[in-house]
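**Student:** Got a sequence here, can you model it:
(2 chains)
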Protein chains: 2
Amino acid sequence: MLFSIYDAAVVCCFLQYRKWDLHSLKLQPLSPVPSDIEISRAQSPKAVDVLAKEIGLLTDEIEIYGQTKAKVRLSLLERLKDQPDGKYVLVAGITPTPLGEGKSTVTVGLVQALTAHLNINSFACLRQPSQGPTFGVKGGAAGGGYAQVIPMEEFNLHLTGDIHAITAANNLLAAAIDARILHENTQSDKSLYNRLVPVVNGVRGFSAIQLARLRRLGINKTDPKTLTEEEISKFVRLDIDPSTITWQRVVDTNDRFLRRITVGQANTEKGFVRQAQFDIAVASEIMAILALTTSLQDMKERLGRMVVANDKKGQPVTAEDLGVTGALAVLMKDAIKPTLMQTLEGTPVFVHAGPFANIAHGNSSVLADKIALKLVGEKGFVVTEAGFGADIGMEKFFNIKCRASGLVPSVVVLVATVRALKMHGGGPNVTAGAPLKKEYTEENLQLVADGCCNLQKQIQITQLFGVPVVVALNVFKTDSPAEIDLVCKIAKESGAFDAVPCHHWSAGGKGAVKLAQAVEKAANQKNSFKYLYSLELPIVEKIRIIAQKVYGAQDIELSPAAQSQVDRYTRQGFGNLPICMAKTHLSLSHQPERKGVPTGFILPISDVRASIGAGFIYPLVGTMSTMPGLPTRPCFYDIDLDPITEQVKGLF
Amino acid sequence: MLFSIYDAAVVCCFLQYRKWDLHSLKLQPLSPVPSDIEISRAQSPKAVDVLAKEIGLLTDEIEIYGQTKAKVRLSLLERLKDQPDGKYVLVAGITPTPLGEGKSTVTVGLVQALTAHLNINSFACLRQPSQGPTFGVKGGAAGGGYAQVIPMEEFNLHLTGDIHAITAANNLLAAAIDARILHENTQSDKSLYNRLVPVVNGVRGFSAIQLARLRRLGINKTDPKTLTEEEISKFVRLDIDPSTITWQRVVDTNDRFLRRITVGQANTEKGFVRQAQFDIAVASEIMAILALTTSLQDMKERLGRMVVANDKKGQPVTAEDLGVTGALAVLMKDAIKPTLMQTLEGTPVFVHAGPFANIAHGNSSVLADKIALKLVGEKGFVVTEAGFGADIGMEKFFNIKCRASGLVPSVVVLVATVRALKMHGGGPNVTAGAPLKKEYTEENLQLVADGCCNLQKQIQITQLFGVPVVVALNVFKTDSPAEIDLVCKIAKESGAFDAVPCHHWSAGGKGAVKLAQAVEKAANQKNSFKYLYSLELPIVEKIRIIAQKVYGAQDIELSPAAQSQVDRYTRQGFGNLPICMAKTHLSLSHQPERKGVPTGFILPISDVRASIGAGFIYPLVGTMSTMPGLPTRPCFYDIDLDPITEQVKGLF
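**Tutor:** Predicted coordinates:
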């Protein structure tokens, strides 16, 4: 084999650590801090192809979508497969107030500090937000203040269409289920067979996906003429039990009237009505698959494995049985590529996937993290984010996402706010939309001290996984110096590697330089990462370990329905999957009003469900809403488009 | 004011006719003709930025989406506003068989001939197909054989997300309607007012969209504190009558079980259940608006004007009343830009909008046509396409689309096939999926001669509008020379400017050169274009003119429901809109089985509806399905993705 000097130089250049020659965008923060959209609009982003070149992407590795977004091809993973990964940093949080404590802004602030101020290669990997809340209650999710992804309206709207692709794939499968039941109910075996395996140009043959089904049924025949009547019946009838259908339709809209509906009421559906529901698009199992998959081949296999119902004998019916795997993969072929954007300071960001954090695992994609780890190189940093508090998002990051990726995290950044700590210390309720009580706007060291128990507990949870933890105190302008010092002192006493106040919201990356330095040091610490449980344990045992070790529960209690589902999944061969707890994020327990560190509670498991394609079992701790609603005055009242300048107004 | 030599040169260069220096892609047609996806894949498209440059687009006038698609900014219309338009050619058809007679392939073949073979600037403007049928029955819609838009899988799948944007906007409005009814039903005036006009940072103010609503209500106040109780009640209550809601939710999936549903059955919706339905996304009024709008400002106004229901006093309730106009415009801000693609021979194509051809007007967008007419320049050609037969698609093109655009067409190309003419001449039924009877595969001059009555009638319909017509006979391999000659002879005798057999499907643009030459000649003919009716006429009179002059009906007959709707729309001030007939395309009459030229029939109008934002009244002639279903064996059985090459298989 020839190996020329040129080849050697190329290989060498890719594998050596290369500090990016990245032109950062300058910030001149204003005081008071303007609205997010005003800050975003005041900055001119770099052309995305310029950014791509700066971080070592080749021209044919990107697909540009307009001036500020590009999809990155997975072929890069093959090109850089021998490149050592960078350091892998997870941003998690303490148990939050309903207002959120700023994990996304910390994530963005940290990479702005690392790259624009310390000249260290870094990448932020963020979740794509659902468009529903953008027009409903919550507003945008691109970070905030001077730590944002820009243009924020692109981030918060269609982006590069991934959620739309998920919606299309999800709903094609849903339509296929009901249509199949109707056709099976209204046709004989023979008629079904003639339609499923038609004569085309005089020839009758099985399609590839039908041959695969025959093999699964143990029918080793390839000529449609040779099947016995019994084999034909087995082949043509999925025999779905409509009462077991778990596959729901989705829309990316906060549409509360679709939470429970009856479908099939037109005459053409011949009376086969049933109750169903729509979920918000990001609750689709396909979103969880997008977040966990590692390649096109792996995604296709996961899509095919998705269980949508049971048949009348209690056996799982999959997307593959419905013959739709290939079509789903085709619909998702572009969505699998992460989208490149940039922070306010011109450093790179991947936006990719955004699964629910309760019924799914609430983390951005494995593929974005993997690609970013190659691009930053050995001495660089990839900062990724987990939804909810560390008890939920981080636990799932370790036990589900890291298992899927095989990646080992270097550092956890645990985000805390004085506000949330005061709440845990016994402060009054914090409610979205209502003004904050004075306990939160005036110094109150006692409330802070009392509330640090939650911080301490979340630090301990992190330590269960053997990864060093740096506490990032996201400073608000009403926090007093004494409050800030107190939190950092307690955090360090509780085992944090370091604890640092952060001012990225008002100051950009400059305000997170100390955090960046602490993270860099922590990344060089000894790391003894381990999972919390072995997959081989029975489902109930895995749930109990999470409940006791992470949440601090005394024990768990399964409802009869939950127990029967556990038995069913175990019988169906799904007992070895990891667990994805669907629990409130507002308390370590299942009761949102119990703040601080609740103890002595029995965690009730009301039901147990499964996302087999994504690859996890999800026990329900209470009722999880999978469809938000519109309030009396939705955000959309303030959103407008200037028809002359084409500028979006009122997004925040 | 300074006017330098440089400026003069630039202006001059833009306004003079410039023959493109376009590098066409060579074709080497195979025989037998391979599948559409194989042909598409065998050709390497030009990079879209290269194509854009060739046709005179500036770098900042395009937004690239991957390698083969780009959105074109509307700013170009301002830059080229003094440039004379090119010739404007409409492709319409005779009354088709259920298989379609190839209008899209003629459109593509014609521009391939004009530009790649005759070196004349030309643009094809096509409709974007719904993704539903791609996975259901019909397959793709990018043309076919050697007259296609490539890459055909991009054309047939997400494209640049316009239909997804329409779905999002449509469903946000739908969710807003039901949520608003719920909130009004469960809150006092005071509570609604406090929520709709909240105190934010100590200040209480109306949003821009609320101030506009106050003005519409005749309340000339701007301070929320000064409204009387009565004014508050008027302001906060839209008082929608749920039984009058005409706004439906949409999905871009063939989901028959959503044709009739009951929504609101979750406890959280407090018993406010109602019957509703989902339509396929392209049936949304927002799609019709996208196709008819002329600017961002115009689109925003149309979106605001959309009527979604009546209030309990019988007054129309609009999107603007719900406060959602700005949000809808924001969701549609990219969709308004046409998407640039290319034919198999590397000539430019716009893909933009694809409204239904029955309940809407079935034409691609005004904006794509307008931009293309500037880009081709005075001696160039823009070929656009109307859905269904000329009695429907062309009539709506003239009376609705040309009215909205102000553009004057130069030539109509009327597509005919020997197959469809034989059907009109008394040949046996043609059914999708079933093999063709021998009448259609063997020479039968009598059937052809008898069926030419339909062609003759469609020529006469075209002449009503004063535009020259060229008949394009889309030749199939089973057509005999005598059959072809007969059709062309009868067409010319019937008043066509010319009639030409076309072979683009098997030969590409080379097979349509004679058609292109005929069209070029016809475009220099005298043109006395006129609309068929005045908008000032009463609604019923306008319907009657279309029924009698175009369809050949003896008269029309309105059901009581239809008459009452006509009265309502007239009372509400919508009487001056053009008419968009929702009639079967399979016959000139309302009865699909009546082929040829039916006479003596009374056209029954069962109901009358309105798309006020799009700007037309649509009478229903029979039942129109707005949601296709999946058959027993949908197309998706054959669709697959190769995970290594990333190639799509099985689309056709």
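
**Student:** What's the mean pLDDT across the longest helix seen in chain A?
**Tutor:** Criterion DSSP state H: the longest helix present in chain A is helix A:162-186. The average of the pLDDT scores along helix A:162-186 is 97.

**Student:** If you compare the directions of it and helix B:162-186, what angle comes out?
**Tutor:** 80 degrees (axes from the mean of the first three to the mean of the last three C-alpha atoms, to 10 degrees).

**Student:** Assess the claim that A:Leu486 and A:Leu447 are in contact.
**Tutor:** No - using C-beta atoms under 8 Å, A:Leu486 and A:Leu447 do not qualify as a contacting pair, with a distance of 10.5 Å. Where you see a C-beta, it was placed from the backbone N, CA and C, and this is true even at glycine.

**Student:** Report the separation between A:Leu373 and chain B.
**Tutor:** Distance, A:Leu373 to chain B, using C-beta to the nearest C-beta, to the nearest Å: 22 Å.

**Student:** mind listing what that residue touches?
**Tutor:** Residues in contact with A:Leu373 (C-beta atoms under 8 Å, 6 or more residues apart in numbering or on different chains) are A:85-86, A:88, A:382, A:407.

**Student:** Please apply the same query to A:Phe272.
**Tutor:** A:178, A:181-182, A:185, A:242, A:264, B:257.

**Student:** Tell me the most packed of those, by neighbour count.
**Tutor:** B:Phe257 (29 neighbours; other C-beta atoms under 10 Å in any protein chain shown).

**Student:** With respect to B:Val330, which of the contacts of A:Phe272 is nearest?
**Tutor:** B:Val330 lies nearest to B:Phe257 out of these, by C-beta to C-beta, at 31.5 Å.

**Student:** which ones are touching that closest one?
**Tutor:** B:Phe257 touches A:175, A:178-179, A:182, A:263-264, A:269, A:272, counting by C-beta under 8 Å, 6+ apart.

**Student:** With distance to B:Lys477 added, can I get the residues you listed in TSV?
**Tutor:** Output for these, formatted as TSV (distance: C-beta to C-beta, whole Å):
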residue	distance to B:Lys477
A:Ala175	36
A:Asp178	40
A:Ala179	35
A:Leu182	38
A:Val263	45
A:Gly264	44
A:Glu269	41
A:Phe272	43
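
**Student:** one step back: between A:Leu486 and A:Leu447, who's got more neighbours?
**Tutor:** Ranked by neighbour count (other C-beta under 10 Å), A:Leu486 and A:Leu447 place A:Leu447 first, with 21 against 18.

**Student:** ok, and that one, which helix or strand is that part of?
**Tutor:** Taking DSSP states H and E as the definition, A:Leu447 sits inside helix A:445-464.

**Student:** which element follows that helix toward the C-terminus?
**Tutor:** Helix A:445-464 is succeeded, C-terminally, by strand A:469-474 (DSSP H and E).

**Student:** Can you list the strands that that following strand pairs with?
**Tutor:** Looking at strand A:469-474 with DSSP bridges, its partner strands are strand A:411-416 (parallel), strand A:498-502 (parallel).

**Student:** now what about the shortest one, what contacts it?
**Tutor:** Read that as strand A:498-502. With C-beta under 8 Å, 6+ apart as the criterion, strand A:498-502 contacts A:106, A:109, A:470-475, A:484, A:487-489, A:491-492, A:511-512, A:514-515, A:518, A:521-522.

**Student:** Out of those, list just those in strands.
**Tutor:** A:470-474 (DSSP state E).

**Student:** circling back to that earlier point, may I have the helix holding A:Leu447 as PDB, with CA atoms only?
**Tutor:** C-alpha atoms of helix A:445-464 as PDB (Å, rounded to 0.1, in the frame of the first residue of the first chain):
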ATOM      1  CA  LEU A 445     -28.800  34.800  54.500                       C
ATOM      2  CA  GLN A 446     -30.800  32.400  56.700                       C
ATOM      3  CA  LEU A 447     -33.000  31.300  53.800                       C
ATOM      4  CA  VAL A 448     -30.000  30.800  51.600                       C
ATOM      5  CA  ALA A 449     -28.200  28.800  54.300                       C
ATOM      6  CA  ASP A 450     -31.200  26.600  54.900                       C
ATOM      7  CA  GLY A 451     -31.800  26.100  51.200                       C
ATOM      8  CA  CYS A 452     -28.200  24.900  50.400                       C
ATOM      9  CA  CYS A 453     -29.300  21.400  51.500                       C
ATOM     10  CA  ASN A 454     -30.700  21.000  48.000                       C
ATOM     11  CA  LEU A 455     -27.400  22.000  46.500                       C
ATOM     12  CA  GLN A 456     -25.500  19.700  48.800                       C
ATOM     13  CA  LYS A 457     -27.800  16.800  47.900                       C
ATOM     14  CA  GLN A 458     -27.400  17.400  44.100                       C
ATOM     15  CA  ILE A 459     -23.600  17.600  44.600                       C
ATOM     16  CA  GLN A 460     -23.800  14.200  46.400                       C
ATOM     17  CA  ILE A 461     -25.800  12.800  43.500                       C
ATOM     18  CA  THR A 462     -23.200  13.900  41.000                       C
ATOM     19  CA  GLN A 463     -20.500  12.200  43.200                       C
ATOM     20  CA  LEU A 464     -22.400   8.900  42.900                       C
END
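
**Student:** Please state the offset of that helix from the chain centre?
**Tutor:** 25 Å (C-alpha atoms, centre = their mean, to the nearest Å).

**Student:** And it, what does it pack against?
**Tutor:** strand A:87-93, strand A:411-416, helix A:418-424, strand A:469-474, helix A:481-493 (3 or more C-beta pairs under 8 Å, 6 or more residues apart in numbering or on different chains; DSSP states H and E).

**Student:** can you put those in a markdown table and add mean pLDDT?
**Tutor:** Below are the helices and strands packed on helix A:445-464 laid out as a markdown table (pLDDT from 0 to 100):
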| stretch | mean pLDDT |
| --- | --- |
| strand A:87-93 | 97 |
| strand A:411-416 | 98 |
| helix A:418-424 | 97 |
| strand A:469-474 | 98 |
| helix A:481-493 | 98 |
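
**Student:** Ok, which of the ones you listed comes nearest B:Ala420?
**Tutor:** Closest to B:Ala420 of the helices and strands packed on helix A:445-464 is strand A:87-93 (C-beta to C-beta; 63.5 Å).

**Student:** Helix A:445-464 and the closest one, what's the angle between them?
**Tutor:** Going by the same axes, to 10 degrees, strand A:87-93 makes 140 degrees with helix A:445-464.

**Student:** so, if you compare the contacts of A:Phe272, which one comes nearest to A:Tyr533?
**Tutor:** A:Pro242 (35.3 Å).

**Student:** wait, isn't that closest one in contact with A:Ile181?
**Tutor:** Yes - counting by C-beta under 8 Å, A:Pro242 does reach A:Ile181; the two are 6.2 Å apart.
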